[in-house]
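Trainee: After the sequence you'll find the predicted model.
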Amino acid sequence: MKKLLTLSLVILLIFSLTACQQKPAEPAPTPEPPAAETPAEETPAEETPEPAEEPADEKISVGLVTDTGGIDDKSFNQGTWEGVIRYAEENNLVLNEDYSFLQSVSDADYIPNLSQYADQEVDLIVAAGFLFEKAIQEVSTNYPDQKILFIDAVVDAPNVMNAVFAEHEGSFLVGVAAALKAQEAGKDTVGFVGGFDFDLIQKFEAGFEQGVWAVDPDMKVLVEYASGFDKAEEGQSLATKMFDDGCYVIYHAAGGTGNGVIKEGKDRATEGQDVWVIGVDKDQYEEGVYGDGTKSVILTSMIKRVDEAAYIACKAVAEGTYQGGIQVFDLKADGVGIPKENPNLTDEWVKTVNEFAEKIKAGEITVDPAPVRVKGN
Amino acid sequence: MKKTLKNSHLMISLVAVLASFLVAILVMLLTGLNPSRFFVALIRTFSGYDILRGNFNPRYIGEFVQVSLPLILSGLSVGFAFRTGLFNIGAEGQLIMGSLGAVCVGILFPMPIYLHLPLAILTAALLGALWGAVPGFLKAKFGVHEVVITIMMNYIALYLSAYVIKLLPGSDNQKSADIVASALLRSDFLRSITANSRLHWGFIIVIAAILIYRFIIDKTVFGYELRAVGFNPFAAEYAGIRVNSRIISSMIIAGAFAGLAGAMLSLGTFDYGRVLSHFENYGFDGISVALLGGNTGLGILLSGLLFGILKSSQTMMQSLGIPLEIVNIVSGLIILFVAMQYGIQALLKRFTKGKEEEDGSV
């Protein structure tokens, strides 16, 4: 036994030694970057020398900080990041040089991550999610000249641009779609899963139920809330419960937690059950694909154009039109809505949804941002 | 004899850290990453100096010290219980309760700073102590294993704290109202000298806690008895030490350290109470800190700082293109190697023996 242990340690040591020997060969690139780096002082440290040759007059640098959901949360952070990417690709920005992201492991990381970019003097810091509120307050005060795009909540500082969305309007539309689908199947119950029970997510719930009831006032809307946005297992168990209780369509506004809802929907659809899930924030059709890859459990998605907000802010910075304050992205401003392609909706339903959308835009229908459940209290 | 024992633990810890860095280098090479960047990030995190661009920013130093503070305290908590032969897996829950106590006093009872701040900190220590006392009592009275109880107490603390914080005036579903400034450890002076890092006065409490830890363990009869119980409870009992009472006191003191760690978070790092939906692992990190530090005051200080550097280097790692998971790999490996201490000891012995023979002298 002891011999075995010694042996394994010796092997480890040998490994370590080879690692040591390889190391001197490796640092070669390190002395390089500072040399290549000097012309572009502002950009974060990375070692791709080519872009320095291009004329860098209107190039901007962008840094995105994610919340604890991570960059690939298939929803919020990812959507914002895609907006940054879209701008970056149109303007030949280089990944990890002109634009990059930092992921936060816990909420204690928000301030250091934001400060890191502020110290690097990037032109624009993008942060998505109300969880950043305190951190952005702090950092916008510490770095009064730093431009910050804050998506989804409001920090009142002259250097912060706040992008807020009319989620209740978009949710109304998917509510309409859910009700139409349920009516067709002869079902009378749909459901909503929120990531966390507070006013922002309640807007989703409110719009959804109003949309459902605009089509069929007798339809039941079950509502469940999870305890966070990064709990896929919890989302799945909530979905299990709701599907078992007879929900035909579940609309989730729960970020990473919602991935559990989608998974449960997919599992059931694979087994031949007729259930549907409505995605949130971005078109989640791809996440819902099951079986041979031609079908998706995602009925439609409530798109929150966080990418549009990120894109517009990047553009504003480049064009010098950036200003702090609140920017509302509602149905009229194309900030919320359903995807262009909806393979699971009939053309007729899409037409109905669009009619409702027009009515909301024209002010004929006003969507209340507070759900009945809350108003009743 | 005592000295060599201490030295050998120091050696084990150093070897463990070194070996885990080497393995991490290997992992980075295998995955096509540049390991030198890992060290650039580490150096920047603890010295504030950026090798690549040659500039200096004291914010990094302030941040890593700030991150280390709760880790050191929870390390003391785990280490203290361990000296009495107890596994305090409950540092996490004790920390959450401490944090809750500090938040409650900080929000509900505004008063002059010279009363408010000490009271908030004291409440944190007391609540942590209470949370440690329960498993200690159950262990002493009914022989229930402390690991089981402390794990369960963690969950009670997590959800109880979420519930209570939501009840406080001005709370929403994710955080409480701001804690009254007179209860905060926040220091504008420390911030100003570290370029707006979140460094706070808590470091004084941490230093005091380390001194108290050393004093109790090494300099008092009480501490001697605790250690005796840790070495062999049966022998201790035979020698006339009241083992059960010592178990309870040990858990109470351990809980108080963890409670203080909670105060660091809610009164220092943040200035509001947070509704946690999951554990943040400060308490569990404390286990690693105590293990690496060999359960001694100085050792825990050093290993707490090391884990603080690793933890706060994640930002810098990412911006240099090193995935933040590498840091987790390193922390995990350190514990793995420390746990292999007998192997390392044997190896060390062999090396030193060989050397001695070569030198021909002892």
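Mentor: Structure's in. What do you need? Numbers count the residues shown, from 1 in each chain, chains lettered A, B, ... in the order given.

Trainee: measure residue B:190 to chain A for me?
Mentor: 14 Å (C-beta to the nearest C-beta, to the nearest Å). Where C-beta positions appear, they are placed from N, C-alpha and C, glycine not excepted.

Trainee: That residue: neighbouring residues, count only.
Mentor: Applying other C-beta atoms under 10 Å in any protein chain shown, we find 19 residues neighbouring residue B:190.

Trainee: Neighbours of the residue in the stretch 1-150 of chain B positioned nearest to chain A, how many?
Mentor: Distances between the stretch 1-150 of chain B and chain A by C-beta to the nearest C-beta are smallest at residue B:22, namely 3.7 Å. When neighbours are defined as other C-beta under 10 Å, residue B:22 has 21 of them.

Trainee: Same question for the strand or helix carrying it: list its buried residues.
Mentor: Assigned by DSSP states H and E, residue B:22 falls within helix B:2-30. Neighbour-count burial for helix B:2-30 flags B:8-13, B:15-17, B:19-29 (criterion: 16 or more other C-beta atoms under 10 Å in any protein chain shown).

Trainee: Same question for stretch A:273-283.
Mentor: In stretch A:273-283, counting by 16+ other C-beta under 10 Å, buried: A:275-283.

Trainee: same thing with stretch B:282-300?
Mentor: In stretch B:282-300, counting by 16+ other C-beta under 10 Å, buried: B:282-297, B:299-300.

Trainee: Those in helices, which ones?
Mentor: If you go by DSSP state H, the buried residues of stretch B:282-300 have B:282-292, B:297, B:299-300 in helices.

Trainee: Relative to chain A, which of those is nearest.
Mentor: Once C-beta to the nearest C-beta is applied, the member of these that ends up nearest chain A is residue B:282, at 9.4 Å.

Trainee: Hmm, that closest one is touching residue B:75, no?
Mentor: No - using C-beta atoms under 8 Å as the test, residue B:282 is too far from residue B:75 to be in contact (9.9 Å).

Trainee: What is the least confident helix or strand in chain B?
Mentor: helix B:341-359 (a mean of 70; mean pLDDT, DSSP states H and E).

Trainee: Report how many residues lie close to residue 201.
Mentor: I'll assume chain A. Residue A:201, neighbours per other C-beta under 10 Å, totals 25.

Trainee: nope, chain B please
Mentor: 15.

Trainee: where do the strands sit along the chain?
Mentor: No chain was given, so I picked chain A. For chain A, applying DSSP state E gives strands covering A:62-65, A:99-102, A:124-128, A:148-151, A:160-165, A:189-194, A:220-225, A:249-253, A:276-281, A:289-290, A:295-296, A:298-304, A:325-329, A:336-337.

Trainee: sorry, should have said chain B
Mentor: According to DSSP E, the strands that chain B contains are B:175-178, B:272-274.

Trainee: Of all these, which one is nearest residue B:102?
Mentor: strand B:272-274 (8.1 Å; C-beta to C-beta).

Trainee: tell me what the closest one is packed against?
Mentor: With contacts taken as 3 or more C-beta pairs under 8 Å, 6 or more residues apart in numbering or on different chains; DSSP states H and E, strand B:272-274 sits against helix B:91-108, helix B:146-167, strand B:175-178.

Trainee: Which strands border the last one, and is each parallel or antiparallel?
Mentor: Strand B:175-178 has the following strand partners under DSSP bridges: strand B:272-274 (antiparallel).

Trainee: List the buried residues in the partner strand.
Mentor: B:272-274.

Trainee: of all of the stretch 201-350 of chain B, which residue lies closest to chain A?
Mentor: residue B:277 (3.7 Å).

Trainee: phi, psi of the closest residue in space to that residue that isn't next to it in sequence?
Mentor: Spatial nearest neighbour of residue B:277, chain neighbours left out: residue A:228 (3.7 Å); criterion: C-beta to C-beta, 6 or more residues apart in numbering or on different chains. Backbone torsions of residue A:228, given as degrees, to the nearest 10, read phi 170, psi 170.

Trainee: Burial check on residue A:228, number of neighbours?
Mentor: 21.

Trainee: so who does it touch?
Mentor: Residue A:228 sits next to A:195-196, A:234, A:257, B:277-278 when contact means C-beta atoms under 8 Å, 6 or more residues apart in numbering or on different chains.

Trainee: List just the nearest of those to residue B:212.
Mentor: Closest approach between the contacts of residue A:228 and residue B:212, by C-beta to C-beta: residue B:278, at 31.3 Å.

Trainee: gap between the residue nearest to that closest one when sequence neighbours are not counted and residue B:106?
Mentor: Leaving aside its sequence neighbours, residue B:278 sits nearest to residue A:228 (C-beta to C-beta, 6+ apart; 6.9 Å). Applying C-beta to C-beta, to the nearest Å, the value for residue A:228 to residue B:106 is 24 Å.

Trainee: Could you export stretch A:257-268 as CSV, CA atoms only?
Mentor: The C-alpha coordinates for stretch A:257-268 follow below in CSV (Å, rounded to 0.1, in the frame of the first residue of the first chain):
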residue,chain,number,x,y,z
THR,A,257,-33.8,27.6,-14.1
GLY,A,258,-36.0,27.7,-17.2
ASN,A,259,-33.6,25.2,-18.9
GLY,A,260,-34.9,22.7,-16.5
VAL,A,261,-38.5,23.5,-17.6
ILE,A,262,-37.5,23.0,-21.2
LYS,A,263,-35.7,19.8,-20.4
GLU,A,264,-38.8,18.4,-18.7
GLY,A,265,-40.9,19.5,-21.7
LYS,A,266,-38.5,17.8,-24.1
ASP,A,267,-38.4,14.6,-22.0
ARG,A,268,-42.2,14.4,-22.1
